[in-house]
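Q: compute the structure for the input listed below.
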Amino acid sequence: ISLLTCLLIYRISLRLFNHRVAILSLLLVSLHPGLVYYSVRLHSLVLDIFLFTLSVFILLKILDGKNVYRIAFFSGIIFGLTLLSRTTIALFLFFAFLIIFHRFKENKPMPLFIILIIICTTILMLIPLWVRNYLVFKKIVLTPTESGLNFWLGYNVSATGTNKTLSGKFIFNIAPEQFRNKI
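A: Down below sits the predicted model:
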């Protein structure tokens, strides 16, 4: 996945700038310490970075103006998967829609159809999560969230910057029982 991310960064840079910038971008992302370290370890950020980079790449493919409806369908799948992994992509979606409107402004219905396809396909990707959340929590939860847990992991009195205490216990296991049950 890290290798694919490097290649996507190269292609994006080549599309937006020139060959020199693309090579420099490829080198910088290839040698990024976090990406190098996690290229041989399973970590969610590697997937998050890849999906976000793929989202940018596929948006640029839409802007090329060829096969836009088919690419918009795949874009919705990618955005949906990215939303399942990292909800911050939603802000990118807003800007992507503005860019699509600007790019195809001369053909008024076209950007609306593209955006509608992206939104509908994204929603199709999220429906299983919504159904699962409703069955588990008996209420509608639109996006995955672990912000309360992450906040507590980083700011409790035993926080060390890792998921373990100084004595080697898992941070979550030292949380109050009521908090653990709620999570």
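
Q: what's whichever strand or helix holds residue 55 packed up against?
A: Assigned by DSSP states H and E, residue 55 belongs to helix 44-63. In terms of contact count using 3 or more C-beta pairs under 8 Å, 6 or more residues apart in numbering; DSSP states H and E, helix 44-63 is assigned the packing partners helix 2-16, helix 33-38, helix 68-85, helix 89-103. In short, each C-beta sits where N, CA and C put it, glycine included.

Q: quick check: angle from the lengthiest helix in the chain to helix 68-85?
A: Scanning the chain for the longest helix, with DSSP state H as the assignment, gives helix 109-137. With axes from the mean of the first three to the mean of the last three C-alpha atoms, to 10 degrees defining the directions, helix 109-137 sits at 30 degrees from helix 68-85.

Q: now the angle between helix 44-63 and helix 109-137, please.
A: Orientation note: helix 109-137 sits at an angle of 150 degrees relative to helix 44-63 (the same axes, to 10 degrees).

Q: just to revisit the earlier point, mind listing residues that contact the helix holding residue 55?
A: Taking C-beta atoms under 8 Å, 6 or more residues apart in numbering as the criterion, the residues outside helix 44-63 that touch it are 1-2, 4-5, 8-9, 11-12, 15-16, 34-35, 38-39, 68, 71-72, 74-75, 78-79, 81-82, 85-86, 89, 92, 96, 99-100, 103, 114.

Q: restricted to buried residues, select those in PyMOL.
A: Buried members of those, defined by 16 or more other C-beta atoms under 10 Å, are picked up in PyMOL with:
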select buried, resi 2+5+8+9+11+12+35+38+39+68+71+72+74+75+78+79+81+82+85+86+89+92+96+100+103+114
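
Q: so which helix or strand of this protein has the lowest pLDDT on average?
A: Across the helices and strands of the chain, mean pLDDT, DSSP states H and E gives its lowest value to helix 147-155, namely a mean of 64.

Q: re earlier: ok, and for the longest helix of the chain, which residues are buried?
A: 110-111, 114-115, 117-119, 121-122, 125-126, 129, 133.

Q: now the two most distant members of those residues.
A: Greatest spacing in the buried residues of helix 109-137, by C-beta to C-beta: 110 and 133 (34.5 Å).

Q: show me the contacts for the residue nearest the centre of the chain.
A: Central residue of the chain (C-alpha atoms, centre = their mean): residue 82, 3.6 Å from the mean position. In this structure, residue 82 makes contact with 48, 51, 52, 54, 55, 89, judged by C-beta under 8 Å, 6+ apart.
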